[in-house]
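>>> Pasting the sequence and the predicted coordinates here, then a few questions.
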Protein chains: 2
Amino acid sequence: MSFELTILGSSSALPTSKRFPAAHLLKVDERFFLIDCGEGTQIQLRKYGFNPSRIHRIFISHLHGDHVFGLFGLLSSLGMLGRKVPLHLYGPEKLSEMLHDHLKYFGPLPFELITYNPPKDADTPFFEDEKITVTAIPLKHRTKTYGYVFREKSRPLNLRKESIEQYGLGIADRVRIKQGADITLPDGRTIPNHLLTLPPYVPRSYAYISDTLFDPDLIPKIREVDLLYHETTFSGRDEKLAADTFHSTAPQAARMAKDAKAGKLLIGHFSSRYKDHTALVEEARELFSQTEGVSDGDVYSIPLRRSS
Amino acid sequence: MSFELTILGSSSALPTSKRFPAAHLLKVDERFFLIDCGEGTQIQLRKYGFNPSRIHRIFISHLHGDHVFGLFGLLSSLGMLGRKVPLHLYGPEKLSEMLHDHLKYFGPLPFELITYNPPKDADTPFFEDEKITVTAIPLKHRTKTYGYVFREKSRPLNLRKESIEQYGLGIADRVRIKQGADITLPDGRTIPNHLLTLPPYVPRSYAYISDTLFDPDLIPKIREVDLLYHETTFSGRDEKLAADTFHSTAPQAARMAKDAKAGKLLIGHFSSRYKDHTALVEEARELFSQTEGVSDGDVYSIPLRRSS
């Protein structure tokens, strides 16, 4: 029952020998979601112990090289590794056409590549299954760009095993109890639901805000996420430069986290002009103390906790 | 007066966390030639202390991803670094068209990209300037593939400074002496050339044989190179597999080096099926003792030496 984010790449557009371009891996139970795929992502996956073949869904924020150039090598390697099952790609409208053009030279692949465009209605999930919903949120960058919000679905009440056994309750009763019902026993006694159940686990959530102009309109979309990654290319001192290039500053990221009541703010994608990023982290912490500056290989795990 | 090869990537098609895909950097004096450009080449350049902006000529052996996917990020970064001077790319016929299609999505670049197809006549240099000649040699792989041979041009005789000063010889005499002439002094004495000169430096050379079926017909093209890199994807035990996939084995690479009278053989591009490459190096050394298995970051420098 894991909910674990691994930072595969934390550089901004120009990678360094220590920071690869943008790529995040979110593991939710046995689902591996790759979010952005900068150059070298397949190498980073191996470095941090992940088998690339386990990835089934990839979300691309936008078609700038530092967020997408690793797709070419990853797709090629998945083919060489013998992949047969489809790979699902979610991203901006031109992603499919771009890959099609690319594969004229480097394809075909031995597996199906299924691409999806973001839904027109922002409230429609971009992806969902029985456990998780992913929504796409339009960002303000120099090209069509999306952020992604991953939210676990509400979980049912958990049965108190010892009480269920004590009263000898069968399958039909158990289903009703999980839905919140009290139970009347054959002898007429009514057992209230709270004696039969534990509160459900709280759904966990992660929001990925890729390159964007500071945009407080996004706050309702990311409200109360446990983890918010927000690009922080610039220091607050360079706010004009951030606006001119459609990027955000450390204080702006902190403002987003604070107003959205996020659990923790992760910042990265620092411009290579700053040799030392601790100053940017400090700037953010002045507004939002639960801020961390990320490095490649960092892991953030959100434990299960019950609602009170 | 350097002639120095740095291995940037030595993996075969599937990179690992320790071996990046194919890329070599050859530095001849202040010329930086990049040979193949697998994914992550720009990161490797930085890791090993090279400024990517100093590269002016790139040679691509063939359009398989593990030899070319690093071009996308490198070109993009060169643009961001403010490059204005043209970049010259040498490679198979489809290289230009492939890049054109790619740049529909990720361009334009702020500098000119000039691409060259190999000359029809194999004896015509693919590139030359006053110091070096590069020839392309067609290899036998599953797609159009070229090896590249870098040879310094013959150097002139070197003047013995102390003799030139002793006899008070002017510019016109010095030019003639460098061409091998004896000199007659105003007093009638003739000074033989060998007293006025040192033998010239021996031209140095490097041959890069990318993925190919074993092909002894190449031997005349790479004769007596100082350094021969020859892909060695397979062990001699897997010779059939090598032939089926148009690759070479360690003993085949050694046979090429031996028959071409190469100075040193470098082998790499090992299949990831071999956990330990020392066995492949040993196989090659049985036929050609001056064999080395390369790793990312290895540097091979050929010192200047005078002809005897």
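Sure thing, it's come through. Numbering: from 1, shown residues only, chains lettered A, B, ... in the order given.
>>> Would you mind naming what in the stretch 101-250 of chain A lies close to chain B?
Neighbours of chain B within the stretch 101-250 of chain A, by C-beta under 8 Å from any C-beta of the partner chain: A:D101, A:H102, A:K104, A:Y105, A:F106. Every C-beta, even on glycine, is put in place using the N, C-alpha and C of the backbone.
>>> which of those count as buried?
Among those, those buried by neighbour count (16 or more other C-beta atoms under 10 Å in any protein chain shown) are A:H102, A:Y105, A:F106.
>>> Show me the contact partners of stretch A:96-104.
Here stretch A:96-104 makes contact (C-beta atoms under 8 Å, 6 or more residues apart in numbering or on different chains) with A:63, A:71-72, A:75, A:89, A:109, A:113, A:115, A:117, B:101-102, B:104-105.
>>> re the thing from before, inside helices: which ones of the residues of the stretch 101-250 of chain A next to chain B?
Residues of those located in helices (DSSP state H): A:D101, A:H102, A:K104, A:Y105, A:F106.
>>> And the helices in the stretch 101-250 of chain A?
All helices of the stretch 101-250 of chain A, identified by DSSP state H, counting those that start in this stretch, fall at A:161-167, A:171-178, A:193-196, A:239-244, A:250-260.
>>> So, low pLDDT: which residues of the stretch 51-200 of chain A?
Along the stretch 51-200 of chain A, the model assigns pLDDT under 70 to no residue.
>>> farthest pair in the ones in helices among the residues of the stretch 101-250 of chain A next to chain B?
Using C-beta to C-beta, these span at most 10.2 Å, a distance reached by A:D101 and A:F106.
>>> Pick the most deeply packed of the helices of the stretch 101-250 of chain A.
With neighbours taken as mean count of other C-beta atoms under 10 Å in any protein chain shown, these reach their highest mean count in helix A:250-260, at a mean of 24.
>>> Can you give the distance of that helix from its chain's centre?
18 Å (C-alpha atoms, centre = their mean, to the nearest Å).
>>> Nearest residue to A:R83 in space, ignoring adjacent ones along the chain?
Closest residue to A:R83 apart from its sequence neighbours, by C-beta to C-beta, 6 or more residues apart in numbering or on different chains: A:F111 at 4.5 Å.
>>> Same question for A:L139.
Distances taken as C-beta to C-beta, 6+ apart place A:T212 nearest to A:L139, at 3.7 Å, with adjacent residues excluded.
>>> A:A181 contacts A:N193, doesn't it?
Yes: assessed by C-beta atoms under 8 Å, A:A181 is found in contact with A:N193 at 6.3 Å.
>>> what sits in contact with each of those two?
Counting by C-beta under 8 Å, 6+ apart, nothing touches both A:A181 and A:N193.
>>> hmm, back to that, what's the local residue count around the residue nearest to A:R83?
Using other C-beta atoms under 10 Å in any protein chain shown, A:F111 is surrounded by 15 other residues.
>>> just A:Q42 next, same as before
Here the number of neighbours of A:Q42 (other C-beta under 10 Å) works out to 30.
>>> Okay, and it sits in which element?
helix A:41-47 (DSSP states H and E).
>>> near chain B, anything from that helix?
Yes: judged by C-beta under 8 Å from any C-beta, helix A:41-47 and chain B are in contact via A:Q42, A:I43, A:R46, A:K47.
>>> cool, and stretch A:50-58?
No: on the criterion C-beta under 8 Å from any C-beta, stretch A:50-58 is out of touch with chain B, staying 9.6 Å away.
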